[in-house]
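Chemist: What follows is a predicted structure for the sequence shown.
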Amino acid sequence: MTLLRHLAAAVVAGAVIWAASVQLNAFRDFQMAEIAVYVVAIAGLSVLIGLSGQISLGHGAFMAVGAYTTALLMMHLNWAWWAVFPASAAVAAAGGAVVGLAAARLHGPYLAGATLLLAVALPSLANQFPGVFGGDQGLSVTVLAPASLGAAFPQTRWLAWICALAALITLVVLANLARSRVGRDWRAIRDDPVAAALAGLNVAWLRVLAFIVSAACAGLAGAMLAVTTSLVSPGSFTLSLSIALLAGAVLGGLGTLLGALWGGLVIVLVPTYVTDVATSHGLSGGVAANVPIAAYGVVLIVVMLVFPYGIQGGLRRLATRFLPTPPARIGTPGRLPSADDDKGPDSPYRRPPVGEHQEEGTS
Amino acid sequence: MTEFLQFTLGGVSFGMVYAAIALSLVLIWRGTRILNYAQGAMAMFTTYIALTVITHTGSYWEGFVVALAAGLVLGAVAERTVIRPVESKPPLNAVVVTIGLLVLIEGIAGIVYGGQYRSFPAAFSVTGLYAGSVPLGISRNDLFVAGAVLLAALALAAMFRYTSAGLRLRAAAFNAYAARLLGVRVGRVLTLGWALAGLIGALAGLLVSPNTFLYPASMDSIFVLGFTAAVIGGLDSPVGAIVGGLILGVVLNYVGGYLGPNLVPIFGLVALMAVLLIRPSGLFSVTHERRV
């Protein structure tokens, strides 16, 4: 039932995206593809932080793994995009398994620091082996629209389509996963690892699994980014990419998949808009490029201090306040912002009384 | 053999910078159980302030002192404004807030000073020293770097050991509740801890910037290696921070010298992972029970 509902939502979303992409110009189509890239990466990160309670500041590194896998497979083996996407996700998932094995033993600040170092360290490998990874110049990636669509078909629209398709599939998979036994187990280990272990859950394996799923999403996003920008270079996978993903996840609402959509929209559209406004007010390009970076910082701080629920959490509160019948299931967007746990029954973070069937919303 | 000696001595110089960052992290960690991911960015910003003062006055030492004072103020202000509200919350909230502070400061630096690489003057000559005819691979400035960090660490140790402010800092870190009952104003003490950490971080920024150039992200890699050093030493131990920094600096200098500089961050990651997997509480820690 849930699967059907998620599939139906995805089909509707796909139709809307198709209708929109036909209307939009080439640049907007490109932005649509970019949004799809960020939605996938942020959704994976959001599941990791919001559901399993682990943080990663290194998801840009997993994106790099996916992107370089894509470039190498396309260059040397001439794989098609539909084969490269899952392959890149799989390679990044393998990387996620390695990091996750280490991460399962770490908590909080240690994990954050280790993944931060990963984000800083991994891109330097591209410079160490320029023969394979192309050094600073990077590798180029080309995906052409199929000839059957006609010679006049805009390339960016094709990119928007394949990226949107990949994003929708990812979201459906994640939504079902979050509703499944695995998703419930993740929430259990997030809220109380000891109790979860006593209940027979394999805490370490569940943590590693969360990292694998999350890294696979990041790897897929990296593959999508590679075909969208037709270039894979170390400069695309800086620390600020990882932090932009974190900002998107936090702003959207941790642990919610719709929140990832808000996050992706903001991360792609707002910097472009801010940069446009800043340059039109006579600020130099270098200054304008730094305004969004500072804005990420403000977002992270303000959201954490003032409304740790994020956009999606805020929308849910509005819905519960103004709709005549509140939605049957009010989700908790994540363990992370849960300091106000005990604020009473109105708090979206209340813990359900013992025995209440806990089924959290994920979208 | 000469090469080995050069790499070792050069590594000590870099290691002392990692040690300074590690020391500032340990100071904050002991007091608030928060890792300040913005420490490197704060150091970068105070170094920009130093550069501005130096270009205006022409005096290195005026810039040096102003940057240290700026670090002190920046640390205190950060604690009072954005850290205080998350001190009592789950650890991930503080992680996100300090990460936010990191990018906010880097963004502001990019807006104010631009993104281009700038060279930062060294306090002393950077030409290599010789023992007889053997090049040592270090300069007077490297000696100054090592000496300055060592002096700062000793001054800090003396302060903790012999002054009443140091006693209050230790009391608040040991047990904030009991300290409060005994009349220690824990809030102020925490602010002081952050201010001191800001000062040590600013020192690290001043010392390393002649080698790395100065740009908004210039302290990122230094910071993560400082973090690694702090973890190697155990986040609770100031001595461990210094030793961890030295070990890391020397080892990474061998890696950079013999294998290539691009591998340095990767080996830092390997070292961090190894320590976290084998002895997660660090080399210099005492074992604590964990309350569940």
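Modeler: That came through, no problem.
Chemist: can you pull the contacts of the residue nearest the centre of chain A?
Modeler: In chain A, the residue lying closest to the centroid (CA atoms, centre = their mean) is A:Ile42, at 1.5 Å. Residues near A:Ile42 by CB atoms under 8 Å, 6 or more residues apart in numbering or on different chains: A:Leu245, A:Gly248, A:Ala249, A:Gly252, A:Ala260, A:Gly263, A:Gly264, A:Ile267. C-beta here means a position set from N, CA and C on the backbone, and glycine is covered the same way.
Chemist: what's the closest of the residues you listed to A:Ile293?
Modeler: Using CB to CB, A:Ile267 comes nearest to A:Ile293 of the contacts of A:Ile42, at 11.8 Å.
Chemist: Please give the element, helix or strand, for that closest one.
Modeler: Per DSSP states H and E, A:Ile267 falls inside helix A:257-280.
Chemist: What parts of the stretch 51-200 of chain B come near chain A?
Modeler: B:82, B:85-86, B:88-97, B:99-111, B:114-116 (CB under 8 Å from any CB of the partner chain).
Chemist: List only buried entries from these.
Modeler: B:82, B:85-86, B:89-97, B:99-111, B:115 (16 or more other CB atoms under 10 Å in any protein chain shown).
Chemist: returning to that earlier point: how about CSV for the contacts of A:Ile42, with pLDDT and neighbour count added?
Modeler: Shown next, in CSV, are the contacts of A:Ile42 (pLDDT from 0 to 100; neighbours: other CB atoms under 10 Å in any protein chain shown):
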residue, pLDDT, neighbour count
A:Leu245, 89, 30
A:Gly248, 87, 29
A:Ala249, 88, 34
A:Gly252, 85, 31
A:Ala260, 87, 34
A:Gly263, 87, 34
A:Gly264, 87, 26
A:Ile267, 84, 27
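Chemist: rewinding a little: what about the helix holding A:Ile267 and chain B, touching?
Modeler: No: remark: helix A:257-280 sits outside contact range of chain B, by CB under 8 Å from any CB, the gap being at least 9.3 Å.
Chemist: quick one: buried residues of that helix?
Modeler: A:257-268, A:271, A:274-275, A:278.
Chemist: what does stretch B:50-67 give?
Modeler: B:Ala50, B:Leu51, B:Val53, B:Ile54, B:Tyr60, B:Gly63, B:Phe64, B:Val66, B:Ala67.
Chemist: Would you mind checking which of those is nearest to chain A?
Modeler: Distance to chain A, by CB to the nearest CB, is smallest for B:Leu51 among the buried residues of stretch B:50-67, at 17.1 Å.
Chemist: Name all residues that make contact with the closest one.
Modeler: By CB under 8 Å, 6+ apart, the contact set of B:Leu51 is B:Gly63, B:Arg118, B:Phe120, B:Leu214.
Chemist: and of those, the nearest to B:Val12?
Modeler: Closest to B:Val12, out of all of these and judged by CB to CB, is B:Phe120, at 20.8 Å.
Chemist: pLDDT at the closest one, what is it?
Modeler: As predicted, B:Phe120 sits at a pLDDT of 88.
Chemist: name the element the nearest residue to A:Leu261 once chain neighbours are set aside belongs to?
Modeler: Spatial nearest neighbour of A:Leu261, chain neighbours left out: A:Val39 (5.5 Å); criterion: CB to CB, 6 or more residues apart in numbering or on different chains. Secondary structure assignment for A:Val39, by DSSP H and E: helix A:26-46.
Chemist: Can you mark which positions in that helix are buried?
Modeler: A:29-46.
Chemist: And the helices in the stretch 1-150 of chain A, which stretches?
Modeler: Secondary structure of the stretch 1-150 of chain A (DSSP state H, counting those that start in this stretch): helices at A:2-23, A:26-46, A:59-72, A:81-103, A:108-121, A:124-128, A:130-133.
Chemist: Around chain B, which positions in the stretch 51-200 of chain A sit nearby?
Modeler: For the stretch 51-200 of chain A, the residues in contact with chain B (CB under 8 Å from any CB) are A:53, A:55, A:57, A:102, A:105-110, A:112-114, A:116-118, A:120-122, A:124-125, A:127-128, A:194.
Chemist: which of those are buried?
Modeler: By 16+ other CB under 10 Å, these give A:53, A:55, A:57, A:102, A:106-110, A:112-114, A:116-118, A:120-122, A:124-125, A:127-128 as buried.
Chemist: Name the residues that touch whatever helix or strand B:Leu74 lives in?
Modeler: If you go by DSSP H and E, B:Leu74 is part of helix B:60-78. With CB under 8 Å, 6+ apart as the contact definition, helix B:60-78 has outside contacts at B:36, B:38, B:42-43, B:45-47, B:49-54, B:57, B:101, B:121, B:123, B:191-192, B:194-203, B:205-206.
Chemist: So which of the residues you listed sit within strands?
Modeler: Among those, none falls in strands (DSSP state E).
Chemist: Only whichever of the residues you listed are buried, select them in ChimeraX.
Modeler: Buried residues among the contacts of helix B:60-78 (16+ other CB under 10 Å), as a ChimeraX selection:
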select /B:36,38,42,43,45,46,47,49,50,51,53,54,101,123,191,192,194,195,196,197,198,199,200,201,202,203,205,206
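Chemist: Look up how far chain A lies from the residue nearest to B:Ala157 when sequence neighbours are not counted.
Modeler: Once flanking residues are discounted, B:Ala157 sits nearest to B:Pro238: 6.9 Å by CB to CB, 6+ apart. According to CB to the nearest CB, to the nearest Å, B:Pro238 stands 18 Å off from chain A.
Chemist: ok, back up a step: could I get the average pLDDT for the helix holding B:Leu74?
Modeler: Helix B:60-78 shows a mean pLDDT of 93.
Chemist: send the alpha carbons of it over as PDB?
Modeler: Below are the C-alpha coordinates for helix B:60-78, written out as PDB (Å, rounded to 0.1, in the frame of the first residue of the first chain):
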ATOM      1  CA  TYR B  60      55.000  42.600  12.400                       C
ATOM      2  CA  TRP B  61      54.700  42.600  16.100                       C
ATOM      3  CA  GLU B  62      51.800  45.000  16.300                       C
ATOM      4  CA  GLY B  63      49.900  42.800  13.900                       C
ATOM      5  CA  PHE B  64      50.900  39.800  16.000                       C
ATOM      6  CA  VAL B  65      49.600  41.300  19.300                       C
ATOM      7  CA  VAL B  66      46.400  42.600  17.700                       C
ATOM      8  CA  ALA B  67      45.700  39.200  16.200                       C
ATOM      9  CA  LEU B  68      46.100  37.500  19.500                       C
ATOM     10  CA  ALA B  69      43.800  40.000  21.100                       C
ATOM     11  CA  ALA B  70      41.300  39.500  18.300                       C
ATOM     12  CA  GLY B  71      41.400  35.700  18.800                       C
ATOM     13  CA  LEU B  72      40.600  36.300  22.500                       C
ATOM     14  CA  VAL B  73      37.700  38.500  21.700                       C
ATOM     15  CA  LEU B  74      36.400  36.300  18.900                       C
ATOM     16  CA  GLY B  75      36.500  33.200  21.100                       C
ATOM     17  CA  ALA B  76      34.600  34.900  23.900                       C
ATOM     18  CA  VAL B  77      32.000  36.400  21.500                       C
ATOM     19  CA  ALA B  78      31.400  33.100  19.700                       C
END
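Chemist: Find the nearest non-adjacent residue to residue 265, please.
Modeler: You didn't pick a chain, so chain A it is. For A:Leu265, the spatially nearest residue (CB to CB, 6+ apart) is A:Ile35, at 6.0 Å.
Chemist: Sorry, I should have been clearer: chain B.
Modeler: Spatial nearest neighbour of B:Pro265, chain neighbours left out: A:Ala121 (3.6 Å); criterion: CB to CB, 6+ apart.
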